[in-house]
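Undergrad: Fold the following, please.
(chains A and B)
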Amino acid sequence: MEEFTGLWNLCVFTPGINLLALTILIGRKLAGVRGIAASLVGLLLPSAMITCLLAAGFKLVQNNPIVQAALRGVIPATAGIMLLVGVRFAQPQFSLARKEGLLSLGTSAVIVLACFAAFAVFQLSVIPVLLCAALAGMLVFTSWRARTGTVPPELLKAAEEEEDKRD
Amino acid sequence: MINPLLYFLLFLKASLFSTGGFSNLPSLHQDLTSNGWATDTEFGQSIAIGQISPGPNGLWVISLGYLTYGYLGALLALIAITLPAFIVLLISAGYHRIEHRRWVKGFMRGISLAVVGILLTVVASIIRQPGVDWKGWLIGVVAFALAWTQRVNILVILALAGVVGYLLYR
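TA: Residues are numbered from 1 along each chain as shown, chains lettered A, B, ... in the order given. Below is the predicted model of the structure:
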């Protein structure tokens, strides 16, 4: 299990679909280059073909009024499900930040909202925004003075008092 | 006219600078719609098909490829989302060198928070699709609540939404 966690950490750093990266690592571990090829094909071939066939089938019937009507229900439902994906993704981040205090919590919320605004309102391109968020996270969440990874309480208190003064 | 090389490169770029299966959406959306190669509706449809189909979530890009550029588009999309995963081999060779640097954790947290922002953008762009009215919003809220309980399978939720959509909009 520990080894699995180690592999997964590498996949989090990998761009794109993390599961594909994990498949590559496991395939390599089991049988080298051939293992990579076999495990990728095993994962992708059936699911990619089904996805493609579903899309093809959809294209055949998409002008059918029944399909059109049903789709008007399905599309907003995917938005609801996607929102849940976002919430689940945010949960560990925010519970970690809550443990560190208001400063971390506030910064986390600001990063999320700023990114949302950058894409949805200002239509900025993704790469610079991701980089800015990563740099902001690096500056704020790294405790440059302390040895551990969390913000020391006295620093946090000072920051909060600073905030209070400004109010 | 779609230029296949540029089309492929746009998909590749979106996947290279994304993390997780959906965060390539804003980049793809910007590039494909500005070239007139895909419509908002096609994005909504691809995501719906991606939710229904098996395999990792990120495969929605394959249906986007098919809907916008046929089987060639689907194939190009598949290659474009597979290639970036190989970067993991480079990372596994070099990660142990930076793993314990203090800044790495904060850097990754920043990216994860940005992904939350991206997912919210995706939600916003789906819900602003043509044809989504207040009843659509209601369906979205109910779908969210049902998925939240973790008692109802995603496919069942989507099927129910399809039935409700048929009854409301036929």
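
Undergrad: so where is chain B shaky, pLDDT-wise?
TA: B:99 (pLDDT under 70).

Undergrad: max-length helix in it?
TA: Longest helix in chain B by number of residues, with DSSP state H as the criterion: helix B:102-127.

Undergrad: Name the residue closest to the centre of chain B, please.
TA: B:F22 (3.1 Å; Cα atoms, centre = their mean).

Undergrad: and it, backbone torsions?
TA: phi -110, psi -10 (degrees, to the nearest 10).

Undergrad: B:L59 versus that one, what's the distance?
TA: Separation of B:F22 from B:L59 (Cβ to Cβ, to the nearest Å) stands at 11 Å. C-beta coordinates here come from the backbone N, C-alpha and C atoms, glycine included.

Undergrad: likewise B:L89?
TA: Counting by Cβ to Cβ - B:L89 and B:L59 are separated by 22 Å.

Undergrad: So these two - more neighbours on which side?
TA: Set side by side, B:L89 and B:L59 show more neighbours around B:L59, with 27 against 15, by other Cβ atoms under 10 Å in any protein chain shown.

Undergrad: residues touching that one, list them.
TA: A:S47, A:A48, A:T51, B:G21, B:G50, B:S53, B:I81 (Cβ atoms under 8 Å, 6 or more residues apart in numbering or on different chains).

Undergrad: And B:G65, by the same measure?
TA: Taking Cβ under 8 Å, 6+ apart, we find B:G65 in contact with B:F11, B:G73, B:A74, B:L75, B:L76, B:A77, B:L78.

Undergrad: can you narrow these to ones near chain A?
TA: When contact is defined as Cβ under 8 Å from any Cβ of the partner chain, the contacts of B:G65 meet chain A at B:A74, B:L78.

Undergrad: Export the contacts of B:G65 to a markdown table and append columns for neighbour count and secondary structure.
TA: Output for the contacts of B:G65, formatted as a markdown table (neighbours: other Cβ atoms under 10 Å in any protein chain shown; DSSP: H, G, I helix; E, B strand; the rest coil):
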| residue | neighbour count | secondary structure |
| --- | --- | --- |
| B:F11 | 26 | helix |
| B:G73 | 26 | helix |
| B:A74 | 26 | helix |
| B:L75 | 17 | helix |
| B:L76 | 23 | helix |
| B:A77 | 31 | helix |
| B:L78 | 21 | helix |
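
Undergrad: Work out the gap between the longest helix seen in chain A and the centre of the chain.
TA: If each helix of chain A is counted by residues according to DSSP H, the longest one is helix A:18-61. Mean C-alpha position of helix A:18-61 versus that of the full chain (Cα atoms, centre = their mean, to the nearest Å) differs by 21 Å.

Undergrad: Equivalent analysis for stretch A:54-73, please.
TA: Distance, centroid of stretch A:54-73 to centroid of chain: 30 Å (Cα atoms, centre = their mean).

Undergrad: Render the CA-only coordinates of it in CSV, please.
TA: Extracted in CSV, the C-alpha atoms of stretch A:54-73 (Å, rounded to 0.1, in the frame of the first residue of the first chain):
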residue,chain,number,x,y,z
LEU,A,54,-21.3,6.1,-27.9
ALA,A,55,-20.4,9.4,-29.6
ALA,A,56,-21.0,7.8,-33.0
GLY,A,57,-24.3,6.4,-31.9
PHE,A,58,-25.2,9.8,-30.5
LYS,A,59,-24.4,11.5,-33.7
LEU,A,60,-26.8,9.2,-35.5
VAL,A,61,-29.7,10.1,-33.3
GLN,A,62,-28.9,13.6,-32.2
ASN,A,63,-31.5,15.2,-34.4
ASN,A,64,-34.2,13.0,-33.0
PRO,A,65,-36.6,15.2,-30.9
ILE,A,66,-36.8,12.7,-28.1
VAL,A,67,-33.0,12.6,-27.8
GLN,A,68,-32.8,16.4,-27.9
ALA,A,69,-35.4,16.6,-25.1
ALA,A,70,-33.6,14.0,-23.0
LEU,A,71,-30.3,15.7,-23.5
ARG,A,72,-31.7,19.0,-22.2
GLY,A,73,-32.1,17.1,-18.9
